[in-house]
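Novice: Structure here, sequence nowhere to be found:
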């Protein structure tokens with residue numbers, strides 16, 4: 001074990017940390033918006049909307065993320081309509097292709113998590129709110145959505161962890177995030193074991209912070225946990 005090499009590799013890997021965090025943050029943000037819309041459409045009862053969103057969820061949950069990244073980065077450039085459209089300046093950039101693939105993937109999973117959480121909200125609470133004269137929108141905003149978010153937090157925490165780890169696949173399309181930098185350093189030093197250990201520790205630290213934030217949010221949104229504290 002070359003401890004000196006591991007220590008010397010740390011600054012270069014840390015320099016790639018902001019890009020990794022940017023990929024994960026933007027993917028989760030866009031994915032959350034997409035998931036919210038998808039979950040509502042899945043529950044809308046409209047046959048066309050349900051069919052389209054079900055197909056989207058099935059495709060992106062049923063195919064490997066690496067294949068999705070390759071199809072978006074390499075495949076879209078083969079379509080002349082895309083190359084001639086206003087989207088090309090964005091889709092020609094590997095970073096935005098990686099964010100798009102990650103967002104579409106996490107959006108499909110998060111939509112199913114949110115849909116399941118909404119369906120578990122006790123109907124008694126909804127009926128009580130309606131009996132108090134609340135409109136459907138207010139019931140959803142003040143009763144259904146807060147309860148559903150609290151219910152989905154543990155499962156969503158797992159999805160955040162998976163996204164942090166999945167961001168390493170962006171290195172396959174020339175993104176120099178943590179794994180991309182680690183692979184370049186390995187090509188220069190042939191020290192696979194040492195450098196990947198350091199990279200793994202960085203991912204572990206990111207996920208540790210993410211899990212603590214999710215756990216804190218769960219505590220804040222769960223009254224009986226706060227009362228016990």
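Specialist: Nice, thanks for sending it over. The structure presented is a predicted model; accordingly, all values stated were derived computationally and were not measured. Numbering: from 1, shown residues only.
Novice: low-scoring stretches of this structure, by residue?
Specialist: 223-229 (pLDDT under 70).
Novice: any idea where the strands of it begin and end?
Specialist: In the chain, no strands are defined using DSSP state E.
Novice: could you pull out the helices for it?
Specialist: Here the chain has its helices, by DSSP state H, at 3-15, 17-42, 47-62, 65-70, 80-83, 88-91, 94-119, 123-131, 136-139, 145-166, 178-189, 192-220, 223-228.
Novice: Flag every buried residue along the longest one.
Specialist: Think helix 192-220. 194-196, 198-199, 202-203, 206-207, 210, 214, 218 (16 or more other CB atoms under 10 Å). For glycine as for every other residue, the C-beta is placed from the backbone atoms N, C-alpha and C.
Novice: re the thing from before, ok, which of the helices of the chain comes nearest residue 172?
Specialist: helix 65-70 (6.6 Å; CB to CB).
Novice: what comes up buried for the closest one?
Specialist: Neighbour-count burial for helix 65-70 [16+ other CB under 10 Å]: 65, 68-70.
Novice: Is it possible to get CSV of the residues you listed that adds distance to residue 147?
Specialist: Formatted as CSV, the buried residues of helix 65-70 follow (distance: CB to CB, whole Å):
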residue, distance to residue 147
65, 30
68, 32
69, 35
70, 39
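Novice: out of the residues you listed, which one sits closest to residue 121?
Specialist: Checking the buried residues of helix 65-70 one by one against residue 121 (CB to CB), the nearest turns out to be residue 65, at 30.4 Å.
Novice: What count of nearby residues applies to the closest residue in space to residue 12 that isn't next to it in sequence?
Specialist: The shortest distance from residue 12 to any non-neighbouring residue, by CB to CB, 6 or more residues apart in numbering, is to residue 181 (5.8 Å). By other CB atoms under 10 Å, the residues close to residue 181 number 23.
Novice: how far away is residue 18 from residue 175?
Specialist: 12 Å (CB to CB, to the nearest Å).
Novice: Give me the more crowded residue out of these two.
Specialist: Under the criterion of other CB under 10 Å, the comparison of residue 18 against residue 175 puts residue 175 first, with 25 against 10.
Novice: Tell me both backbone torsions, phi and psi, for the more buried one.
Specialist: phi -80, psi 130 (degrees, to the nearest 10).
Novice: OK, contacts around residue 210?
Specialist: 157, 160-161, 164 (CB atoms under 8 Å, 6 or more residues apart in numbering).
Novice: Among the residues you listed, which pair sits farthest apart?
Specialist: 157 and 164 (11.0 Å).
Novice: from memory residue 98 sits against residue 23, does it?
Specialist: Yes - look at residue 98 against residue 23 with CB atoms under 8 Å: they come within range, at 6.1 Å.
Novice: Report the set of residues contacting both of these two.
Specialist: 167, 170, 175.
Novice: what's the distance between the second one and residue 74?
Specialist: Residue 170 sits 14 Å away from residue 74 when distances are taken as CB to CB.
Novice: These two: which has the busier surroundings?
Specialist: Applying other CB under 10 Å to residue 170 and residue 74 shows that residue 170 carries more neighbours, namely 28 against 11.
Novice: Having no further points to raise, I will conclude here.
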